[in-house]
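*Asks:* Turn this into a structure:
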Amino acid sequence: LLQTMNQFKQCGLRRLEQLQAIPFLLVDTAYLCKLFLQKFTCTPLKSQDIPRGDTDKPLSVVTGSSFVSHLQQTIADEIIKKPTYFRGSKDDVHDWLEKLDQRFKMVKWSDEQKLQYISIHLQDDAQRWWTQASSVIKTWSSFTEAV
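*Replies:* Prediction:
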């Protein structure tokens, strides 16, 4: 927690912005932190914004909205690049849907987006089922009920 708070401080986030970001860090915290640090770059201050006497220190700021949107984009990229797979009857469908729904909420995907990307999360029996069922399942709620 102390390390996370220090990272927030380094990026110049205000307390409210820090509190808004905490839910994003509650799932796979270490992994998300790693991804965030790899992809997130703070916006440098203009020279006229740097206080006198501190010119030898690198300063940076970030707005809360850019922080949140960047973190959401990072998570969305991971949803696509490293999906949470469901193979069929061998896997616990409720656990899988819960994890998937949590990730989708973090990036604020619409039901249409969820349905668009669901096929990358299915393998084996589940993928074969989806190939047949996708022509009749047109909503996210229909998908969750059917699966």
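*Asks:* what separates residue 21 from residue 82, distance-wise?
*Replies:* 21 Å (CB to CB, to the nearest Å). All C-beta spots, glycine's among them, are computed from the backbone N, C-alpha and C.
*Asks:* Same question for residue 2.
*Replies:* 28 Å.
*Asks:* which one of those two has more residues nearby?
*Replies:* For residue 2 versus residue 82, neighbours defined as other CB atoms under 10 Å are more numerous around residue 82 (10 against 6).
*Asks:* Just the pLDDT at that one, thanks.
*Replies:* Per-residue pLDDT puts residue 82 at 75.
*Asks:* Show the subsequent helix or strand relative to the host helix or strand of residue 78.
*Replies:* Under the criterion of DSSP states H and E, residue 78 resides in helix 64-81. Later in the chain than helix 64-81, the nearest helix or strand by DSSP H and E is helix 93-107.
*Asks:* What's the mean pLDDT across that next one?
*Replies:* When pLDDT is averaged over helix 93-107, the result is 85.
*Asks:* Name the residues of it that are buried.
*Replies:* For helix 93-107, the neighbour count (16 or more other CB atoms under 10 Å) marks 96, 99, 100, 103, 104, 106, 107 as buried.
*Asks:* Of these, just say which sits nearest to residue 6.
*Replies:* Distance to residue 6 across the buried residues of helix 93-107 (CB to CB) is lowest for residue 106, with 22.7 Å.
*Asks:* which element is the closest residue to residue 5 other than its chain neighbours on?
*Replies:* Of all residues not flanking residue 5 in the chain, residue 18 sits nearest, at 7.2 Å (CB to CB, 6 or more residues apart in numbering). Secondary structure assignment for residue 18, by DSSP H and E: helix 15-25.
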